[in-house]
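Colleague: Kindly generate the corresponding structure for this input.
(one chain, ligands or ions: 1)
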Amino acid sequence: MKKNLSAETLCVQGGWSPKKGEPRVLPIFQSTTFKYDTSEQMAQLFDLEAEGYFYTRLQNPTNDAVAAKIAASEGGVAAMLTSSGQAANFYAIFNICQTGDHFISTSSIYGGTYNLFAVTMKKLGIEVTFIDQDADDDTILAAFRPNTKLLFGETIANPGCSVLDIERMARIAHSKGVPLIVDNTFATPINCRPFEWGCDIVTHSTTKYMDGHATAVGGVIVDSGNFDWEAQHDKFTCLTEPDESYHGLVYTERFGKGAYITKATSQVMRDLGSIQSPQNAFLLNIGLETLHLRMQRHCENAQKVAEFLQNDERVAWVHYCGLPGDKYYELGQKYLPNGSCGVISFGLKGGRDVSIRFMDNLKLAAIVTHVADARTCVLHPASHTHRQLSDEQLREAGVEPDLIRLSVGIENVEDIIADLQQALDA
Ligand SMILES: *Cc1c(COP(=O)(O)O)cnc(C)c1O
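Modeller: Numbering: from 1, shown residues only. Okay, the predicted model is just below:
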């Protein structure tokens with residue numbers, strides 16, 4: 001087989017290579033536990049001296065195969081599945097931050113992530129500073145403190161649809177000796193591979209395009225293996241100095257490029273839980289097998305729908321980076337040359353009330369708290385996902401009060417446009 005398989009091929013075949021007589025399809029290892037012959041064998045597993053399965057909270061063969069598939073498609077060294085995207089973003093940060101630490105995030109991020117950072121992580125004594133991702137280098141650099149541990153952003157922001165300048169963010173983060181973590185949920189590795197632009201760790205809510213059918217909530221953390229933790233020894237002692245919970249093991253010494261993800265699995269997941277169920281990992285794997293086909297169709301449809309909306313005089317504004325003239329068109333061309341995703345944000349003339357009435361008149365497009373699956377759906381973030389935020393926080397998060405988030409599905413695009421048309425007419 002060719003050495004550097006494309007993300008498309010890896011999505012279909014990656015992660016599971018059955019030997020003679022084994023199932024062609026990845027099986028669900030629906031078992032919490034695994035058998036050993038001697039007490040000593042089991043003891044070695046607990047000390048991370050031998051590799052093997054012993055308890056599904058730490059590792060499970062179904063989960064590992066799916067994690068390996070995603071790691072390969074992102075071009076990373078290893079990945080860990082989590083029970084949700086929320087858990088993925090929390091663990092990705094908590095793995096290298098503790099009470100008294102600080103990190104920086106772009107402000108235009110998913111509402112749930114914003115709450116996690118601004119409220120819950122603050123209660124843990126981990127402080128966040130939100131920055132405007134379009135601010136100049138000096139402004140962003142000024143947000144760094146001696147205890148800053150990472151920089152975070154979303155490839156394509158949910159729901160504002162802004163595009164992150166990943167290469168620039170990586171340069172800024174690295175100049176301060178910290179990793180860049182990117183939530184790549186909306187782009188997926190089919191349309192953007194952030195590691196190729198210098199990003200160090202990628203997260204996903206697999207609930208969205210990766211699953212693609214709205215069947216299973218899940219998340220994943222992928223490690224590029226590229227960040228040199230040892231070069232920042234004193235900043236990341238959690239990885240470079242002995243872990244008492246493993247008899248003084250040092251992750252960077254023992255696991256090298258796999259230090260970060262091994263710690264995430266063997267310490268954070270061990271202690272906090274939030275593992276993805278093997279059943280959900282199995283469903284996620286089926287979704288991944290068609291990710292490349294679906295993403296292509298989502299993007300083709302969304303491009304046509306965005307053009308339709310832009311040309312309708314009742315529409316006040318449209319954000320979609322595939323539209324020439326969009327604020328993020330150039331960054332989109334650089335990072336997402338084959339298409340961005342199916343999500344469009346727009347507002348109607350007449351503001352918030354008109355937007356809500358329009359949504360109520362849609363027939364094919366359902367109002368659901370979901371995004372990025374096969375079926376076209378809509379949401380009004382200011383009333384739903386971002387309801388907890390003040391008007392000022394909304395603006396910071398790139399959410400205008402009249403913003404409608406339209407997630408264009410893979411149905412026939414003429415049918416989708418006809419539905420939008422009749423709702424606008426009504
Ligand atoms: C949905 C979403 C999340 C949260 O994921 P869940 O699977 O719902 O927990 C995080 N980031 C982005 C960009 C999302 O769209």
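
Colleague: Let me know whether residue 207 touches residue 84 as I believe.
Modeller: Yes - at 6.9 Å, residue 207 and residue 84 qualify as touching, with contact defined as Cβ atoms under 8 Å. Heads up, the C-betas are built off the backbone N, CA and C, glycines and all.

Colleague: Overlap in contacts, those two.
Modeller: Shared contacts of residue 207 and residue 84 (Cβ atoms under 8 Å, 6 or more residues apart in numbering): 217-219.

Colleague: Keep only those of these that are in strands.
Modeller: Of the shared contacts of residue 207 and residue 84, the ones assigned to strands by DSSP state E are residue 219.

Colleague: re the thing from before, looking at residue 207 and residue 84, which is more packed in?
Modeller: Shown here are residue 207 and residue 84; by other Cβ atoms under 10 Å, residue 207 has more neighbours (25 against 19).

Colleague: For the ligand, tell me which of the shared contacts of residue 207 and residue 84 show up nearby.
Modeller: Restricting the shared contacts of residue 207 and residue 84 to those adjacent to the ligand (criterion: Cβ under 6 Å from any ligand atom) gives 217, 219.

Colleague: of all the residues in the stretch 1-150 of the chain, which ones are close to the ligand?
Modeller: Taking Cβ under 6 Å from any ligand atom as the test, the list of the stretch 1-150 of the chain residues beside the ligand reads 84-86, 89, 110, 112-113.

Colleague: now, which of the residues you listed sits nearest the ligand?
Modeller: Checking those against the ligand with Cβ to the nearest ligand atom, the nearest one is residue 85 at 2.2 Å.

Colleague: and that closest one, how many residues sit next to it?
Modeller: Close neighbours of residue 85, defined as other Cβ under 10 Å, add up to 23.

Colleague: Just the pLDDT at it, thanks.
Modeller: For residue 85, the model assigns a pLDDT of 98.

Colleague: Isn't it up against residue 207?
Modeller: Yes - at 5.9 Å, residue 85 and residue 207 qualify as touching, with contact defined as Cβ under 8 Å.

Colleague: got any residues that touch both of those two?
Modeller: By the contact definition Cβ under 8 Å, 6+ apart, residue 85 and residue 207 are jointly contacted by 217-219.

Colleague: could I get those residues as a markdown table with pLDDT and neighbour count?
Modeller: Compiled in a markdown table, these are given as follows (pLDDT from 0 to 100; neighbours: other Cβ atoms under 10 Å):
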| residue | pLDDT | neighbour count |
| --- | --- | --- |
| 217 | 98 | 20 |
| 218 | 98 | 28 |
| 219 | 98 | 28 |
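
Colleague: what stretches of the stretch 1-150 of the chain score poorly on pLDDT?
Modeller: Flagging of the stretch 1-150 of the chain using pLDDT under 70 yields the residue ranges 1-3.

Colleague: Helices of that one, residue ranges please.
Modeller: For the stretch 1-150 of the chain, helices defined by DSSP state H, counting those that start in this stretch occupy the ranges 7-13, 39-46, 61-74, 85-94, 111-115, 121-123, 137-141.

Colleague: among the ones you listed, which is nearest residue 293?
Modeller: Closest approach to residue 293 among the helices of the stretch 1-150 of the chain is made by helix 7-13 (8.6 Å; Cβ to Cβ).

Colleague: follow-up on the earlier one: select from the residues of the stretch 1-150 of the chain next to the ligand the one having the most neighbours.
Modeller: That'd be residue 89 among those, by other Cβ under 10 Å, with 29 neighbours.

Colleague: Who are the contact partners of it?
Modeller: Going by Cβ under 8 Å, 6+ apart, the list of residues near residue 89 reads 113, 116, 152, 183, 203, 219.

Colleague: and the first one, how far is that from residue 186?
Modeller: For residue 113, the distance to residue 186 equals 13 Å [Cβ to Cβ, to the nearest Å].
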